[in-house]
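*Asks:* Below is the sequence, then the predicted model.
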Amino acid sequence: MDTIIINGGQKLVGEVCISGSKNSTLPILFSTLLTDDTVIITNVPALLDIDIAIAFLKYIGKIVVKDGHTVRIYSYNTIYKCTQPYELVSKMRASILVMGPLLARMKRVNISSPGGCAIGARPIDIHLEAFRMLGVDISVHNNYVKMFVKKQLKGTTINFKFPSVGATENVLLAATLAHGQTTIINAACEPEVTDLISVLNKMGAKIQTYGKNKIIIQGVTKLHGVIHHIIPDRVEAATYIIAAAITKGEVLLKKVIPSHLRIVNSKLKASGLYIKETNTTILAKWVKNLHPQNISTNVYPGFPTDIQAQWMTLMCLLEGTSYIEETVFENRFLHVQELKKFGANILINDRIVKIQGVKKFIGTAVQISDLRAGAALILAGLVAEGQTILSSIHHLDRGYDSIENKLRKLNANIIRIQDKKCGDSRN
Ligand code: UD1
């Protein structure tokens, strides 16, 4: 497997273009199963997870042509394969997003449950309960889910016990072609959900959002082709802003939507980082010593759980005490033990960590446990004294397009030692 080596201590300076959002691209790729027309998606990031989603589409029965950051999806057949191979499902949790479109088009799906992963149990009960309410017959044996629809999916009112991103997307994908009206109450309203709604409406769906958390879908009988440009990846953007802050540098992020990062940027400003936004850029500049800030992760527009690990690395190096509460996932502190190897002073108490700032990190060898933990450890390596060696890099390749090239352009001393690729995609 590949390894990344960082010689820390370089200030990051320069410009970086933010790639398209992974979490937006995945459901949008699966939404192409809802039409037989051609769909063209641009600004698609080059990531392992995207390759897995494309492999799914090809297996199910689409022709997919990837050309740089553009993906074209064609149909040669209106019959899709409904039994999903375990080799693909086990690689990526987002593979459960095939459920919605296949139930809508083929009225049947057989798929193994993606199960738990490094960051928590991650059940799919909210997805399954919603499908039941839409009229799907579901049986689960040994983590294998069999679903079928007798006649047609029927619109209904679904009140989520938690605003799950994936469940909201799955219901949107299914209910778009259901009979009648579906209302989702307590829906997720992350920008990636909004991007999915936007592409579905451009394909002919009738979806409206009311306030923050209510979505009404009027079922239609057919969707048509579309060209869609994916929104920027807010998690990648936040990682580069924190990289500028932690290395006392100055980085201009291009091709971003600053409003998607409101809470993160407001916390960074409160900490003392200089941030200047235009419609599509963010300038992050270190001008004085930063002060620690407490955060508690939450659903959008709260502080994103996907930025918690990177935030923790920054807090570890600020003078004073801070607290981080993780409310979305039950086990998302796996980076703590690796950050301690750099010299971090962190105490975990259930879902809250207490961080006592230290003066510096010393480079070390660390192992990446999951995607965002990987970003946190890269940040630690950038600022640590001496050399850091990161292994299990495939986790990073799932969510960060060309990370070492982008960082090198910003002046980081970082190289990848290549070996054979391998993937395990669970976010
Ligand atoms: C998506 C993102 C992931 C992000 C997460 C929360 C993608 C591909 N991944 O994941 O990067 O960290 O949102 O913002 O978009 N839950 C249940 N039952 C369910 C579904 C979820 O209990 O049926 C729980 C999960 O275990 C977790 C919480 O709800 O604790 C959030 O999960 P969810 O919002 O569904 O996240 P994902 O869609 O899996």
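*Replies:* Yes, it's here.
*Asks:* Name the residues of the stretch 251-400 of the chain found near the ligand, please.
*Replies:* Contact residues, the stretch 251-400 of the chain versus the ligand (Cβ under 6 Å from any ligand atom): 305-306, 328-329. The C-beta positions use only the backbone N, C-alpha and C, and glycine is treated the same way.
*Asks:* quick check, nearest of those to Thr25?
*Replies:* Of all those, Asp306 has the smallest distance to Thr25: 14.8 Å, by Cβ to Cβ.
*Asks:* part of a strand, is the closest one?
*Replies:* No - assessed by DSSP: H, G, I helix; E, B strand; the rest coil, Asp306 does not belong to a strand; its assignment is helix.
*Asks:* correct me, but it touches Ala373?
*Replies:* No - with contact defined as Cβ atoms under 8 Å, Asp306 does not reach Ala373; the gap is 10.8 Å.
*Asks:* and the closest residue to the ligand within the chain, how far is that from Met133?
*Replies:* The ligand sits closest to Gly166 of the chain, with a gap of 2.8 Å, by Cβ to the nearest ligand atom. Gly166 sits 16 Å away from Met133, taking Cβ to Cβ, to the nearest Å as the criterion.
*Asks:* and the nearest residue to Lys107 once chain neighbours are set aside, what does it touch?
*Replies:* Spatial nearest neighbour of Lys107, chain neighbours left out: Val149 (4.1 Å); criterion: Cβ to Cβ, 6 or more residues apart in numbering. By Cβ atoms under 8 Å, 6 or more residues apart in numbering, the contact set of Val149 is 103, 107-108, 135-137.
*Asks:* How about Leu390?
*Replies:* Contacts of Leu390 (Cβ under 8 Å, 6+ apart): 3-6, 365-368, 374, 377-378, 381, 396.
*Asks:* Of those, which is the nearest to Ile126?
*Replies:* Gly374 (27.2 Å).
*Asks:* Can you classify that closest one as helix, strand or coil?
*Replies:* Gly374 ends up helix, using three-state DSSP.
*Asks:* circling back: so which two of the contacts of Val149 are the farthest from each other?
*Replies:* Farthest pair in the contacts of Val149 (Cβ to Cβ) is Arg108 and Gly135. Separation: 13.0 Å.
*Asks:* Look at these two and report which has more neighbours.
*Replies:* Gly135 (19 against 16; other Cβ atoms under 10 Å).
*Asks:* ok so Gln293 is a helix residue?
*Replies:* No - counting by three-state DSSP, one finds Gln293 to be coil, located in no helix.
*Asks:* okay, now it: neighbour count?
*Replies:* Other residues lying near Gln293 total 20 when counted by other Cβ under 10 Å.
*Asks:* Looking at it now. What's its pLDDT?
*Replies:* The per-residue pLDDT reported for Gln293 equals 98.
*Asks:* pretty sure it contacts Lys269?
*Replies:* No - Gln293 lies out of contact with Lys269 (Cβ under 8 Å); the separation is 9.8 Å.
*Asks:* hang on, the earlier thing: who has more neighbours, Asp306 and Ala373?
*Replies:* Between Asp306 and Ala373, counted using other Cβ under 10 Å, Ala373 has the larger neighbour count: 30 against 25.
*Asks:* Verify the stated contact: Leu314 with Ile242.
*Replies:* Yes - in this structure, Leu314 is within contact of Ile242 by Cβ under 8 Å, at 5.2 Å.
*Asks:* Can I get the residues of the stretch 251-400 of the chain next to the ligand in TSV including distance to Gly180 and pLDDT?
*Replies:* Listed next are those as TSV, based on distance: Cβ to Cβ, whole Å; pLDDT from 0 to 100:
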residue	distance to Gly180	pLDDT
Thr305	34	97
Asp306	35	97
Val328	32	95
Phe329	35	92
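*Asks:* Show me the two of these that sit farthest apart.
*Replies:* The span of these, defined through Cβ to Cβ, is set by Asp306 and Phe329 at 9.8 Å.
*Asks:* how about the residues of the stretch 101-250 of the chain near the ligand?
*Replies:* Counting by Cβ under 6 Å from any ligand atom, the stretch 101-250 of the chain sits next to the ligand at 120-127, 162, 164-167, 192.
*Asks:* can you give me the helices for the protein?
*Replies:* 22-31, 48-60, 86-89, 99-106, 125-133, 165-175, 191-202, 234-246, 262-271, 308-316, 335-341, 371-383, 394-397, 403-409 (DSSP state H).
*Asks:* Among the contacts of Leu390, find me the one that's closest to Thr38.
*Replies:* Using Cβ to Cβ, the contacts of Leu390 come closest to Thr38 at Leu396, 32.4 Å.
*Asks:* For that closest one, which non-adjacent residue is closest in space?
*Replies:* That would be Gly374: by Cβ to Cβ, 6+ apart, it lies 4.1 Å from Leu396.
*Asks:* where in the protein is pLDDT low?
*Replies:* 115-117, 119-120, 420-427 (pLDDT under 70).
*Asks:* Okay, domains of it per the record?
*Replies:* Domains of the chain are assigned by automatic domain parsing as 3-19+233-422, 22-229.
*Asks:* Help me confirm that Leu347 comes into contact with Phe333.
*Replies:* No - in this structure, Leu347 is not within contact of Phe333 by Cβ under 8 Å, at 10.6 Å.
*Asks:* Could you check which of those two has the larger neighbour count?
*Replies:* Phe333 (22 against 11).
*Asks:* which residues does the spatially closest residue to the more buried one that is not a sequence neighbour form a beta bridge with?
*Replies:* Take Phe333 and drop its neighbours on the chain: the residue closest to it by Cβ to Cβ, 6+ apart is Ile348, 5.5 Å away. Note on Ile348: beta-bridge partners by DSSP bridges are Val353.
*Asks:* mind listing what Ile207 touches?
*Replies:* Counting by Cβ under 8 Å, 6+ apart, Ile207 makes contact with 172, 176, 197, 200-201, 215-218.
*Asks:* for Leu318, that is, sorry about that
*Replies:* Counted by Cβ under 8 Å, 6+ apart, Leu318 has contacts 271, 289-292, 357.
*Asks:* for His69, same thing?
*Replies:* Neighbours of His69 in contact, by Cβ under 8 Å, 6+ apart: 19-20, 42-46.
*Asks:* Name the member of the residues of the stretch 251-400 of the chain next to the ligand with the most neighbours.
*Replies:* That'd be Asp306 among these, by other Cβ under 10 Å, with 25 neighbours.
*Asks:* How much space separates it from Leu314?
*Replies:* Counting by Cβ to Cβ, the gap from Asp306 to Leu314 is 15 Å.
*Asks:* again with Arg234
*Replies:* 17 Å.
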